[in-house]
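1. Show me the folded form of this:
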Amino acid sequence: MPASHYKHRYSVAPMMDWTTSECRQFHRILSKQTLLYTEMVTSGAIIHGEKERFLDFDRSEHPVALQLGGHDPKDLATCAKLAQQWGYDEVNLNAGCPSDRVQNGMIGAILMAHSQVVSDAMKAMQDAVDIEVTLKHRIGIDDQDSYEFMRDFVGTVQAESNCKTFIVHARKAILQGLSPKENREIPPLEYERVIQLKKDFPHLNIVINGGIKSHQDSLALLEQGLDGVMIGREAYQSPLSLVNVDSIFYGTTDSFSQPEMLNPFLIDWVNQQVASGKPLKYVARHMLGLYSGKPGSRQYRRYMSENMHKDQAGSDIFEHAINLIKADSF
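-> Residues are numbered from 1 along each chain as shown. The predicted structure is shown next:
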C-alpha cells in the first residue's frame, strides 16, 4: 500500500456536533495514528463566515482532514487552499450526507446523481492544492441504487479528477422520507458492494464505513482486500477502542500499554483544557462513553452528566468521576 494511503487504514468518521476539536484532541490522546476528520463545514460558511471559527484546530490533532460540503468548483478550490494553508493533511468532499437541509444547497448525497458536478469539483480542488483530496459517498441514493450506478459514479469521478481515495458508506441514502439518523440505520449494509468496488478498481484506495463495531470486524474487512476502515459512532460511544489501534492496524507502539497510565494523563489534559478557559462541558461531553461497559462506567457517566453542566464546573469533577473507574479496566 502506498505510504500516502496507509494513513487511511483506520479513521474516525466526520460526525456533525460530535467530532469537534475537543473530541479530536481526546481521540488523539488514545491513538497517535488514527486519521481524524472534522465535522462537515460548508464552503459558504468558510468563505462568508469567520474562517478561524471553522478552520482552527489544535496541532496535536494531526493527522487530521477537513471535510467540506458544497458543489461549486471555484468555492471548493478556495476552501481547499485555505485548508492547506491552515495545515490540514487532507481535504474530503461530502457526497454522502442525506439531510434535506443540505440537499437544497446541492450538498451531500444528492451529488451522487450528478457525477460530472462532483468530477469538476474534485478536479478544481486537486488542481488548487498539494495535499490529498478525497471523496466520501454512499453506495447509492433512492432508486439509483444498483452496483453499476456506484461503479460508474466512481469511475467517472476517478477518470476526470484523478481522485485516488474513495470512502464508501456501505448503505444507500434515502433522500425523501428518512431522517439522517434513520439513514444511518434503516437502509441495509451491503459490504459486498464495496468489496466488489475494490476488485473493479484495484488501483484505487477504497475505505469502507458503516456499522463497524469491533477491531475483529475491521480486520475481517481488510482481509477482503479493502484498504481501510472508517469507524463512526462506535469510536465516539466507546472511545477506549482506540487505545490499541496503533499496534493492531499500524504496527506501532500504543500510547498506553499500561492501563494505569491513562487516567492520570486524561486528568492532566482536562486540567489544562479547563485552566485555558474552556468550560468543562465542552470537553467532557465527548468523554461520557469512556470505559463503556467496564466496572464503574455507569457511576462515572452518571456523575459527569449530573455535574459537568454546572456553573463553574471544574476539572475536579472529572477527576472525581474518572477515579470511579478501576485502573485495570482495559
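2. Quick check: which ranges of the stretch 151-300 of the chain have low pLDDT?
-> 259 (pLDDT under 70).
3. which residues of it fall in strands?
-> Secondary structure of the stretch 151-300 of the chain (DSSP state E, counting those that start in this stretch): strands located at 165-169, 205-209, 228-231.
4. which stretch among those comes nearest Thr34?
-> Nearest to Thr34, of all those, is strand 228-231, at 8.6 Å by CB to CB. (Glycine included, C-beta is placed from N, CA and C.)
5. Show me what counts as buried in the closest one.
-> 228-231 (16 or more other CB atoms under 10 Å).
6. go on, stretch 188-208?
-> 189-191, 193-198, 201, 204-208.
7. got the buried residues of strand 228-231 as TSV, with distance to Leu280 columns?
-> Listed next are the buried residues of strand 228-231 as TSV, based on distance: CB to CB, whole Å:
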residue	distance to Leu280
Gly228	34
Val229	32
Met230	29
Ile231	26
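8. Of those residues, just say which sits nearest to Arg171.
-> Met230 (12.9 Å).
9. Now do the same contact list for Gln158.
-> The contact partners of Gln158, taken as CB atoms under 8 Å, 6 or more residues apart in numbering, are 164, 166, 201, 204.
10. scratch that, Lys213 is what I was asking about
-> Lys213 neighbours (CB under 8 Å, 6+ apart): Glu234.
11. please redo it, this time with the cut-off set to 10 Å
-> 231, 233-234, 238, 241 (CB atoms under 10 Å, 6 or more residues apart in numbering).
12. Return a PyMOL selection command for the buried portion of those residues.
-> In PyMOL, selecting the buried portion of the contacts of Lys213, with burial taken from 16+ other CB under 10 Å, looks like this:
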select buried, resi 231+234+238+241
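13. export the contacts of Lys213 to JSON lines and tack on distance to Ala77?
-> Putting the contacts of Lys213 into JSON lines (distance: CB to CB, whole Å) gives the following:
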{"residue": "Ile231", "distance to Ala77": "30"}
{"residue": "Arg233", "distance to Ala77": "32"}
{"residue": "Glu234", "distance to Ala77": "34"}
{"residue": "Ser238", "distance to Ala77": "38"}
{"residue": "Ser241", "distance to Ala77": "36"}
